[in-house]
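Student: how does the following fold in three dimensions:
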Amino acid sequence: MHTKTITLFLLALASCPALAAGGSMSELSLMWAIPFIGILLSIALFPLIAPHFWHHYFGKIAAFWMLLFMVPAAMRFGGNELIHIVTHALVAEYIPFIIVIACLYIISGGIYIKGNLHGTPKLNTAILAIGTVLASIMGTTGASMLLIRPLLRANDNRRHKVHVVVFFIFLVANIGGSLTPLGDPPLFLGFLKGVPFTWTLENIWLDTLVSTVILLPLFYAIDSYYFHRREEQLPAIMDPTPDTKRISFDGGLNFLWLAGAIGFVLISGLWNSGVSFDILGTPVTLQNLVRDAGLILMAALSWKTTAMKVRDENQFNFGPVFEVAKLFLAIFITIAPVITMLQAGLDGPFAGLIAAVHTDTGEPIVWRYFWATGMLSGFLDNAPTYLVFFNLAGGDVTELTTRLASTLAAVSAGSVFMGALSYIGNAPNFMVKAIAEHSGVKMPSFFGYMAWSFAILIPLFVLLTFLFFI
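Tutor: As a prediction, this is how the structure comes out:
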């Protein structure tokens with residue numbers, strides 16, 4: 001369902017006298033969380049149990065859950081109240097979120113790495129290290145899209161390469177995106193809530209460094225074992241993409257547009273214009289409008305200046321962006337009553353959850369925030385999970401970035417790091433899996449991948465818990 005259609009629908013509701021008054025959004029039962037839980041479970045389960053059905057009807061499924069909230073909300077609270085709720089979701093969060101995701105996707109999709117090196121353990125480890133750094137600069141999706149095909153080409157003459165893709169998902173598609181709001185969607189949502197651009201870099205850089213320093217040598221050891229002890233026992237096979245001596249880029253101008261995109265995001269975080277516009281009760285600052293306009297401009301320049309041949313080589317299409325746009329429209333709208341219930345604290349329907357992650361005096365138990373945020377992120381979606389626990393911790397950005405900084409660090413690290421626990425924890429995971437399978441790699445099943453992730457990542461996360469969150 002398009003935003004324009006929803007706007008017309010809400011205007012019709014607001015003009016209906018029977019729906020002009022009702023109860024208060026502050027008095028809600030857990031029943032109002034059903035649409036939000038429904039869309040998250042749909043995202044988690046349908047691709048596994050009914051992939052063909054999901055592929056064709058995910059937009060309609062998202063619209064169903066959205067309307068399951070919107071229609072009763074209009075009848076209960078009035079059309080005007082619903083318009084304010086949806087306007088806030090669209091203007092303050094959804095539209096800026098989609099603009100940055102689409103911008104980074106379009107720019108990174110215009111960069112194609114030419115040439116092919118030999119997939120030795122040293123080269124593979126170097127590519128993973130570079131991708132881990134790039135993930136916080138151009139996003140986990142952008143870095144994954146840029147590097148996964150060169151990595152697969154480098155290893156296409158090897159029999160044992162599943163582990164290469166699995167560690168790529170761990171590091172490039174997830175953990176590497178933990179240092180800036182550009183890195184992973186949960187952190188950009190925090191940025192939209194007012195978390196400073198450099199906050200995660202300053203507060204969880206050591207967590208990220210420890211994770212990387214452990215995982216990269218572990219990968220090198222595993223890859224060396226397969227490369228030296230298992231590969232040489234197999235008959236030589238012809239390399240589908242012969243090695244070359246040099247690597248070059250097509251679409252290199254996109255690095256300039258990427259720098260411009262980063263600059264516009266930084267400007268919105270550093271510049272306070274003092275100018276604000278009111279859109280149906282939602283304030284929109286001038287610096288945020290400049291940011292969004294600048295990102296759209298960078299994406300347009302990328303599209304205009306990149307030859308279509310380059311995007312074809314990257315197998316670029318807008319399908320992933322359209323899917324994210326439809327699903328997150330439903331997520332941002334249906335999460336509104338959940339956030340309201342969380343803000344009610346111990347007097348609201350989530351009192352049990354709040355008590356489970358707080359002491360008797362109301363102080364957050366940091367390690368529980370880390371694991372609760374992380375485990376839900378691993379099996380639902382890490383962006384809305386971040387929002388839930390951000391608000392569960394009070395939602396006051398000033399307090400969360402100062403007195404409760406350790407709690408926000410736990411929420412940030414949990415949502416980004418543990419998105420690697422399953423294929424559905426973070427959007428790039430499935431994308432990398434699909435590209436690898438298209439290239440002939442027989443990737444593990446859903447539970448097969450979890451055997452890898454739990455065996456390697458859970459001990460790492462236990463270590464991080466004792467080092468940083470207790």
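
Student: CA only for contacts and neighbour counts going forward, please
Tutor: Noted.

Student: tell me what the helix or strand hosting Ala436 is packed against?
Tutor: Under the criterion of DSSP states H and E, Ala436 resides in helix 427-438. Packing contacts for helix 427-438, counted by 3 or more CA pairs under 8 Å, 6 or more residues apart in numbering; DSSP states H and E, involve helix 121-154, helix 162-171.

Student: to Leu104, which of those helices lies closest?
Tutor: helix 121-154 (6.2 Å; CA to CA).

Student: quick one: mean pLDDT for the closest one?
Tutor: Mean pLDDT, computed over helix 121-154, is 91.

Student: beyond the helix or strand of the chain with the lowest mean pLDDT, next helix or strand please.
Tutor: None of the helices or strands of the chain scores lower by mean pLDDT, DSSP states H and E than helix 3-14, at a mean of 51. Going down the chain from helix 3-14, the next helix or strand is helix 34-49, by DSSP H and E.

Student: check what contacts that following helix and list those residues.
Tutor: 53-55, 61-62, 65-66, 68-69, 327, 330-331, 334-335, 338, 379-381, 424, 446 (CA atoms under 8 Å, 6 or more residues apart in numbering).

Student: what angle sits between it and helix 427-438?
Tutor: 10 degrees (axes from the mean of the first three to the mean of the last three CA atoms, to 10 degrees).

Student: now do the buried residues in helix 34-49.
Tutor: Ile34, Pro35, Phe36, Ile37, Gly38, Ile39, Leu40, Ser42, Ile43, Ala44, Pro47 (16 or more other CA atoms under 10 Å).

Student: do you know the pLDDT at the fifth one?
Tutor: Gly38 is assigned 92 on the pLDDT scale.

Student: can I get the helices and strands packed on helix 427-438 in a markdown table with distance to Phe390 and mean neighbour count?
Tutor: Below are these laid out as a markdown table (distance: least, CA to CA, whole Å; neighbours: other CA atoms under 10 Å):
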| stretch | distance to Phe390 | mean neighbour count |
| --- | --- | --- |
| helix 121-154 | 21 | 23 |
| helix 162-171 | 24 | 23 |
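
Student: sorry, back to before: closest to Ile107 among the buried residues of helix 34-49?
Tutor: The nearest member of those to Ile107, counting by CA to CA, is Ile43 at 26.2 Å.

Student: distance between the ends of stretch 43-60?
Tutor: 12 Å (CA to CA, to the nearest Å).

Student: give me the neighbour count for Ala33.
Tutor: 18 (other CA atoms under 10 Å).

Student: for the helix or strand that contains Trp303, give the mean pLDDT please.
Tutor: Trp303 belongs to helix 286-305 when assigned by DSSP H and E. Computed over helix 286-305, the mean pLDDT rounds to 95.

Student: what packs against that helix?
Tutor: Using 3+ CA pairs under 8 Å, 6+ apart: helix 286-305 touches helix 95-108, helix 254-270.

Student: which residues of the chain score low on pLDDT?
Tutor: Applying pLDDT under 70 to the chain flags the ranges 1-27, 116, 230-245.

Student: how far away from the center of its chain is stretch 404-417?
Tutor: Here stretch 404-417 is found 14 Å from its chain centre; the criterion is CA atoms, centre = their mean, to the nearest Å.

Student: what lies in contact with that stretch?
Tutor: By CA under 8 Å, 6+ apart, the list of residues contacting stretch 404-417 reads 174-175, 177-178, 184, 186-187, 200, 203-204, 207, 364-367, 369-375, 377-378, 382-383, 385-386, 389-390, 393, 399-401, 469.

Student: buried stuff in stretch 93-112?
Tutor: Buried-residue list, stretch 93-112, by 16+ other CA under 10 Å: 93-94, 96-112.

Student: in this structure Trp303 contacts Ile106, no?
Tutor: Yes. Because the distance of 7.1 Å satisfies CA atoms under 8 Å, Trp303 is recorded as touching Ile106.

Student: in helices, which of the contacts of stretch 404-417 appear?
Tutor: Secondary structure assignment by DSSP state H places 186-187, 200, 203-204, 207, 366-367, 369-375, 377-378, 382-383, 385-386, 389-390, 399-400 of those in helices.

Student: just the buried ones from these, in PyMOL syntax?
Tutor: Buried subset of the ones in helices among the contacts of stretch 404-417, written as a PyMOL selection, criterion 16+ other CA under 10 Å:
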select buried, resi 186+187+200+203+204+207+366+367+369+370+371+372+373+374+375+377+378+382+383+385+386+389+390+400
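
Student: pick the one among the buried residues of helix 34-49 closest to Gln343.
Tutor: Using CA to CA, the buried residues of helix 34-49 come closest to Gln343 at Phe36, 16.2 Å.

Student: show me the contacts for the nearest residue to Gly194 once chain neighbours are set aside.
Tutor: Nearest non-adjacent residue to Gly194, counting by CA to CA, 6 or more residues apart in numbering: Val397, 6.2 Å away. Residues near Val397 by CA under 8 Å, 6+ apart: Lys193, Gly194, Val195.
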